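>>> For reference, the sequence and a predicted model appear below.
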Amino acid sequence: MDLGTLLTSSLTDTLDVSLPHFRTELALAATVVLVLLCRMLPVLRWLDSGLVALGGVAFALWYAWVDLRGLPGSPWSVAAAAGQGSTELFGGLLVYDSLTAYIRFLLCGFLVLYILFTKVSGIPDREDGADFYTLVLGSSLGMCLMASANHLLMVFMAVEMASVPSYALAGLLKGRKASSEAALKYAVYGAGAAGIMLYGISLLAGVLGTCHLPSMAAELGRIVGEGADTGSIMVLALGGLMLAAGLAFKLSAVPFHFWCPDVFEGAAAEVGAFLSVASKAAAVALAIRVAFSLGWLSDAAGATATGLADVRHFSAYVIGLMAAVTCTLGNLGAYGQTNMKRLLAYSTIAHAGYLMMGLAAAVAMLGVDPEGCREAVTALAFYLATYLFMNLGAFAIVAVLRNRLRSEEIASYAGLVRTSPGLVVAATAVLVSLIGLPPLAGFVSKFLVFASLADAITKGIERPLMLVLLVVGGLNTVISLFYYLRVLKVMTFDPPGDASVAASSPVWLPGALITAVVVPVVLLGIFWSGLLDAAKLAGSFAS
């Protein structure tokens, strides 16, 4: 093929195939440019950068919705059968499928609520608004790429594109030592994790001879299945673990979680909400993408199939071990915390463990039980959607109380039920849902994840591992009961202090925002079939 033919083919593929499936990311990129122009051009400085960002994200959300409803099997479109299942974009760097469409829609929906949240809470101010929303949208663009990465080069670039703006966001509160320290810790730790991940990518690419994830799966299965020399196997295992280190950093999974409590405590509550929800969703999607791409091949046969089965076994045990330790340490670490943001940071770590349990079940059933694998991915997709409302609601309550009480310490919430009973009711719904008790959304999410573990046990798939994870998950749910309820106990039974006396009923705007976020937490615990249909659409990518 000559150069002219190659260029023509690439241009045709880009214009006719890739860009139509890339409209959501293009809308976010255009919004970043518009927000920057509001900062750079004096004639546009009268525009509110938050409203500009909100308008651009609304367009991105619309494109994400159109893509989601056009997928095969979509319950929202009678013409869904004409959609495409999986399409590689930009020469195989990205892939478009149901998981990509679902995570895009989830991220864009979160951004709409998040921008409204920041406008109500007052952080950022008008002067820093353009910088703040540029960083948020730029990081979100990287997260969308994380969900659709199909090449190790794009995996690294997407993770860094999502991470680097987050380092600056952590230091948003200028003049505060804790905020600057949080940003520095986050940046240093992120740079170390990125270096480890990049070295792991180089090891994998060097042994397998490719960075394209589906091609790597074929070569990986061949090498392992045919019994390669011990050195090559060790290099592959080491490279995979180093790649997992970068993903674990984004998930704040043990032992790469040390940055999380310090960063959440030092950064603004608004930044903590962004990191705990958006970053978590993108990291889980990327972990699913990498684990599935390297552990499954549709036409695998013979030695290749045997090799990939060994890879899946190894991956399931690594993910399962990290899940059990992450969940336990997160819940135990939350005990004794006096700062609400720090407590929510450990809660985020614990929920990362629950999510990784579902991922371990999905990887274990991959290629063995397709239906069970789809159900496990569906559980993860459902969990991410409900987690969005639960954690955004928790941080919204923290931000509102910070503005009124001038404190983020749990002790300052004493007697809050006497002055702001509505906020206490909202906090009760959110915290009880985070525990996983009925009839709230968190119960359904955790039940679906545990059901996927039980399904694997009944079918005899990695039974010892799945049984341990199920027991550990149940025990940790009981453990989490105490520190979440301790916050509610302070709000309701402890006598009010000086700070609580100054509290007053919430004004209508913060109250409306908290209501809009908390109501789905209640409704999705009762009427969850619609969201489950969307989650099943995301789970169908594992077919």
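In hand now; what should we look at?
>>> which residue ranges form the helices in the stretch 251-400 of the chain?
Using DSSP state H, counting those that start in this stretch, the helices of the stretch 251-400 of the chain run over residues 259-266, 269-295, 303-334, 340-365, 370-405.
>>> so of those helices, which one's packed in deepest?
helix 340-365 (a mean of 28; mean count of other C-beta atoms under 10 Å). C-beta: built from backbone N, CA, C; applies to glycine.
>>> Could you give the average pLDDT over that one?
Confidence over helix 340-365 (mean pLDDT, whole number) is 94.
>>> same check, this time on stretch 102-109
The average pLDDT within stretch 102-109 is 94.
>>> Repeat that for stretch 512-521.
92.
>>> now it, how far from the centre of its chain.
Relative to the centre of its chain, stretch 512-521 is centred 20 Å away, using C-alpha atoms, centre = their mean, to the nearest Å.
>>> Could you give me the buried positions within that stretch?
Neighbour-count burial for stretch 512-521 flags L513, I514, A516, V517, V518, P520, V521 (criterion: 16 or more other C-beta atoms under 10 Å).
>>> Turn the residues you listed into TSV, including distance to L243 and secondary structure.
As requested, those are exported to TSV (distance: C-beta to C-beta, whole Å; DSSP: H, G, I helix; E, B strand; the rest coil):
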residue	distance to L243	secondary structure
L513	39	helix
I514	39	helix
A516	39	helix
V517	35	helix
V518	38	helix
P520	35	helix
V521	35	helix
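>>> farthest-separated two in the residues you listed?
Using C-beta to C-beta, the buried residues of stretch 512-521 reach their maximum pairwise distance at L513 and V521, which is 13.7 Å.
>>> that older thread, tabulate the helices of the stretch 251-400 of the chain (TSV), appending distance to N476.
Shown next, in TSV, are the helices of the stretch 251-400 of the chain (distance: least, C-beta to C-beta, whole Å):
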stretch	distance to N476
helix 259-266	17
helix 269-295	17
helix 303-334	5
helix 340-365	7
helix 370-405	15
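>>> mean pLDDT for the ones you listed: which is lowest?
Lowest mean pLDDT within those: helix 303-334, at a mean of 84.
>>> Counting by contacts, list what it packs against.
With contacts taken as 3 or more C-beta pairs under 8 Å, 6 or more residues apart in numbering; DSSP states H and E, helix 303-334 sits against helix 213-225, helix 230-251, helix 269-295, helix 340-365, helix 463-492.
>>> make it 10 Å
Counting contacts by 3 or more C-beta pairs under 10 Å, 6 or more residues apart in numbering; DSSP states H and E, helix 303-334 is packed against helix 213-225, helix 230-251, helix 259-266, helix 269-295, helix 340-365, helix 463-492.
>>> Between those helices, which one is closest to Y133.
For Y133, the closest of the helices and strands packed on helix 303-334 is helix 269-295, at 11.2 Å, according to C-beta to C-beta.
>>> what is the mean pLDDT for stretch 137-147?
pLDDT averaged over stretch 137-147 gives 95.
>>> Mind listing what's buried along that stretch?
Those would be L137, G138, S139, S140, L141, G142, M143, C144, L145, M146, A147, for stretch 137-147 by 16+ other C-beta under 10 Å.
>>> Looking at the residues you listed, which are in helices?
L137, G138, S139, S140, L141, G142, M143, C144, L145, M146, A147 (DSSP state H).
>>> can you list the residues you listed in a markdown table and add distance to E219?
What follows is these, written out as a markdown table (distance: C-beta to C-beta, whole Å):
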| residue | distance to E219 |
| --- | --- |
| L137 | 37 |
| G138 | 34 |
| S139 | 33 |
| S140 | 33 |
| L141 | 31 |
| G142 | 28 |
| M143 | 29 |
| C144 | 28 |
| L145 | 24 |
| M146 | 23 |
| A147 | 24 |
